[in-house]
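Q: could you look at this predicted model? Sequence included:
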Amino acid sequence: MTNPTTTTTTTTTTTTTTKRRAAARRLTTAAVTAGLALGLTACSTGDTTEPAADDTTATAKPHGYVEGASEAQEPQVRLLAVSATGATTVHDLLSGGTTALDDVDGPEHSATDGRFLVSSTQDRTTIVDGGSWTVDHGDHTHYYAAEPRVVGSIDGGGPVEVHSSETMTTITWPERGEGVVLDRAALGQGDVEETARIDATVLLPFGEQLVAGTADGVRVLDADGESTGTEAACPDPAGGIVTRAGAVVGCADGAVVVSETGDTTAVALPDGAEQPTAFSARSGRPTVAGLAGDRGAWLLDSREGSWRLVETERPLRAVTAVDDEDEHVVGIDDQGRVVVITASTGAVATTDALLDPDEQALLQLDAQRAYVADASGQQVHEIDFADGARVARSIDLPAAPVAFAEVGL
């Protein structure tokens, strides 16, 4: 399973904080993954080559080799940000350095899979490679770093979603009901190679197959977009995510979960509940979060097949599930505050308003921290969600972020 990442810099980081942060990230191993290909059981991918047993030549590539990348001992976590004018930068959370990339079109929408940041206008969609990612092979994990870069663009725009497996990256424009499948290895080498185009509002790479939310319901397709025969009813499919327990597609009446073995399970929402139209969670975790209208957040346990409502004092504009031992849920409310709910106890902690309520709520998180983009302050705020929503630091950026991703996980 592969995930992409980038390089960055921080202005308010002290040496002590950097060491503590780096140490904490060394603990983040198999729990942080990117892109998720659940069918993976052996350590072999399109990006890796192992020498044969009798191959002793100097040209044999070592286990885990990825062309153009170096392997590290810990996640190479970076913040990738784009301003309203298209200025694009990468900030390295470990080294504290910031790197400017080529400018892109000023984004109106954006999404990330943990390596690539995909931004769009109404007419064009642009892909930026953050240059760092994690490959989780179950019994061991690889961390990679490469040069971040603007990869290229695709004609057509609008609201956008992106998901990746080891071999495929899918980009979907839900309002257009259209998705494309890109060769993941080629994308990592800087080439946009389209392998299929599918009519769908949700399109998820799942191992070597695709799970699509279409007008006909949820359909499992092969890598070329042809039906495998597995289908399930799903009115008005909207929002999708891949977890360790399966591929999730949101529906008007709940969600459909497709397992690794191809079984489909419908998980019904309570009667009258407002449908979440997007899901977010720490990479790979089975419990995911979605907005519950003005009431707070829905938590969907994709392994157990159950919903749980987490109500909040104020409506949320963004939410994601940490799915840790304390069941932390992190959101941004309509006053621009970060809200941390400990679902296991019901405890709630909030920050002061960190962003203008009219700003787009951009939220990313990993196993230890949450990151909130603050365009009005030209910063990204780092939140320790396990310590009463404490603002651990604020990272100054060269330009105000309107599109944003944490990459390398």
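A: That came through fine. Numbers count the residues shown, from 1 in each chain.
Q: pretty sure Arg369 sits against Ala392.
A: Yes: between Arg369 and Ala392 there is a contact at 6.7 Å, judged by C-beta atoms under 8 Å. Heads up, the C-betas are built off the backbone N, CA and C, glycines and all.
Q: overlap in contacts, these two.
A: Taking C-beta atoms under 8 Å, 6 or more residues apart in numbering as the contact criterion, the residues that touch both Arg369 and Ala392 are 382-384.
Q: just give the nearest non-adjacent residue to the most centrally placed residue in the chain, would you?
A: In the chain, the C-alpha nearest the mean C-alpha coordinate belongs to Asp113, at 3.7 Å (C-alpha atoms, centre = their mean). In space, and not counting its chain neighbours, Asp113 is closest to Ser164: 4.3 Å by C-beta to C-beta, 6 or more residues apart in numbering.
Q: now that neighbour, which residues is it bridged with?
A: Thr169 (DSSP bridges).
Q: can you report how many residues neighbour it?
A: 30 (other C-beta atoms under 10 Å).
Q: check the gap between it and Ala349 for me.
A: 33 Å (C-beta to C-beta, to the nearest Å).
Q: out of the shared contacts of Arg369 and Ala392, which are buried?
A: 382-383 (16 or more other C-beta atoms under 10 Å).
Q: narrow the shared contacts of Arg369 and Ala392 to those in strands?
A: Counting by DSSP state E, these place 382-384 in strands.
Q: Glu359: which of those residues is nearest?
A: Glu359 lies nearest to Ile383 out of those, by C-beta to C-beta, at 16.1 Å.
Q: OK, contacts around the spatially closest residue to the closest one that is not a sequence neighbour?
A: Closest residue to Ile383 apart from its sequence neighbours, by C-beta to C-beta, 6+ apart: Ala370 at 4.3 Å. Residues in contact with Ala370 (C-beta under 8 Å, 6+ apart) are 320, 330, 338, 340, 363-364, 382-383, 385.
Q: now those as CSV including distance to Glu406 and pLDDT?
A: Below are these laid out as CSV (distance: C-beta to C-beta, whole Å; pLDDT from 0 to 100):
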residue, distance to Glu406, pLDDT
Thr320, 11, 98
Val330, 13, 98
Val338, 15, 98
Val340, 17, 98
Leu363, 10, 98
Gln364, 4, 97
Glu382, 10, 98
Ile383, 12, 98
Phe385, 14, 98
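Q: where are the low-confidence patches of the stretch 1-150 of the chain?
A: For the stretch 1-150 of the chain, the stretches flagged by pLDDT under 70 are 1-60.
Q: what about the strands in it?
A: 70-72, 78-82, 88-92, 98-100, 109-112, 116-120, 124-129, 132-136, 141-145, 149-155 (DSSP state E, counting those that start in this stretch).
Q: pick the most deeply packed of these.
A: Ranked by mean neighbour count under mean count of other C-beta atoms under 10 Å, these are led by strand 78-82, which reaches a mean of 31.
Q: okay, the angle between that one and strand 141-145?
A: 50 degrees (axes from the mean of the first three to the mean of the last three C-alpha atoms, to 10 degrees).
Q: outside of strand 78-82, which residues touch it?
A: Residues contacting strand 78-82 (C-beta under 8 Å, 6+ apart): 5-8, 88-93, 104, 106-107, 110, 112, 117, 119, 128, 130-132, 148, 371, 373, 380, 395, 397, 399, 401-408.
Q: in its sheet, what does it sit against?
A: Here, using DSSP bridges, strand 78-82 pairs with strand 88-92 (antiparallel), strand 403-407 (antiparallel).
Q: distance between it and the chain's centre?
A: 13 Å (C-alpha atoms, centre = their mean, to the nearest Å).
Q: and that strand with strand 149-155, angle?
A: Strand 78-82 runs at 40 degrees relative to strand 149-155, counting by the same axes, to 10 degrees.
Q: distance of Val339 from Ala373?
A: Applying C-beta to C-beta to Val339 and Ala373 gives a distance of 16 Å.
Q: repeat that for Val160.
A: 17 Å.
Q: who has more neighbours out of these two?
A: Neighbour count, other C-beta under 10 Å: between Val160 and Ala373, Ala373 has more, with 27 against 24.
Q: name the helix or strand for that one, please.
A: Using DSSP states H and E, the element containing Ala373 is strand 370-374.
Q: repeat that for Ala185.
A: Using DSSP H and E, Ala185 maps to helix 184-188.
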